[in-house]
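> the sequence isn't on hand, but the structure is:
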Ligand code: 13P
């Protein structure tokens, strides 16, 4: 049985004060209702420290949205895994489609980041997903398989890896993949992982779905056999909605 994992990706939203307020409100709403699953919030870098304090001992995981693949050095504007670790981050989101599309991140770079994050003891949440054009051209499986293979190249141990399947056409559009569409790709990701790492590792790997998850569709998505939780964008910015999605995963 895989533990469900729900993470709120706040993207470039929330000041320190707003982030602390949101975290406090989430905690009030979910209380101790997350005993059976893993819950995380991914504020922007600037709010990580404040949110960490608000999280306290509640068990919510502090997640970063990105990192650089070098240890340190002349990389203006970048943040290293050691910096994230020192802030108390437990995980880092890597290869989000916004990073790939808007900031030119390739799977090769994502692979370097995954290895760096794992080396520092951070959980790597590696995002994959196709664009609408790719889906319409019928290359979804091929594309996603390629992203998984390249992103995990040279990674021996998946214990601390989570894959997030986020179809680009479903992100921030209000257009959610149907549970069937999402399940189909999740199953194919698990097959790819099974081909490389074998049955046991594939059976343990958590694969989250992301893309317009809302309180109204979360339970159905999370009930699919290969969907192990969600990576939540817009709905994670509202405490009530995020708490409802957490409840859908944890019950
Ligand atoms: P939305 O939930 O806003 O569609 O965003 C999904 C996402 O990109 C999470 O990383």
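Okay, I see it. Nothing here was measured: the structure is a model prediction, and the numbers come from that model.
> tally of neighbours for the closest residue to residue 35 other than its chain neighbours?
Spatial nearest neighbour of residue 35, excluding adjacent residues (Cβ to Cβ, 6 or more residues apart in numbering): residue 250 at 7.4 Å. Every C-beta, even on glycine, is put in place using the N, C-alpha and C of the backbone. Close neighbours of residue 250, defined as other Cβ atoms under 10 Å, add up to 19.
> looks like residue 250 contacts residue 5 (just checking).
No. Between residue 250 and residue 5 there is no contact under Cβ atoms under 8 Å: 10.5 Å.
> which bits of the stretch 1-150 of the chain sit near the ligand?
Residues of the stretch 1-150 of the chain lying close to the ligand by Cβ under 6 Å from any ligand atom are 9, 96.
> show the contacting residues for the residue nearest to residue 35.
For residue 250, the contact set (Cβ atoms under 8 Å, 6 or more residues apart in numbering) comprises 4, 6, 33-37, 39.
> the stretch 51-200 of the chain: helices as residue ranges?
Shown for the stretch 51-200 of the chain, the helices assigned by DSSP state H, counting those that start in this stretch span residues 81-86, 97-102, 107-119, 132-136, 140-151, 179-197, 199-204.
> need the residues touching each of residue 250 and residue 5.
Any residue near both residue 250 and residue 5 by Cβ under 8 Å, 6+ apart counts here, and that gives 37, 39.
> which among the contacts of residue 250 gets closest to the ligand?
residue 6 (11.1 Å; Cβ to the nearest ligand atom).
> where does that closest one fall, phi/psi-wise?
Note on residue 6: its backbone torsions stand at phi -120, psi 120 [degrees, to the nearest 10].
> repeat that for the one 10 residues further on.
With angles defined as degrees, to the nearest 10, residue 16 shows backbone torsions of phi -60, psi -50.
> tell me which residue of the chain lies closest to the ligand.
residue 233 (2.1 Å).
> list the contacts of that residue.
9, 11, 171-172, 210, 212.
> just these: which has the poorest pLDDT?
Within the set of these, pLDDT is lowest for residue 172 (89).
> so what's that residue up against?
Counting by Cβ under 8 Å, 6+ apart, the residues that residue 172 touches are 212, 233-234.
> what separates it from residue 8, distance-wise?
14 Å (Cβ to Cβ, to the nearest Å).
> residue 221 now?
Residue 221 sits 16 Å away from residue 8, taking Cβ to Cβ as the criterion.
> more crowded one of the two?
Shown here are residue 221 and residue 8; by other Cβ under 10 Å, residue 8 has more neighbours (29 against 25).
> what secondary structure does that one sit in?
Under the three-state scheme (DSSP: H, G, I helix; E, B strand; the rest coil), residue 8 adopts strand.
> same question for residue 41.
Here residue 41 is strand, with the state taken from three-state DSSP.
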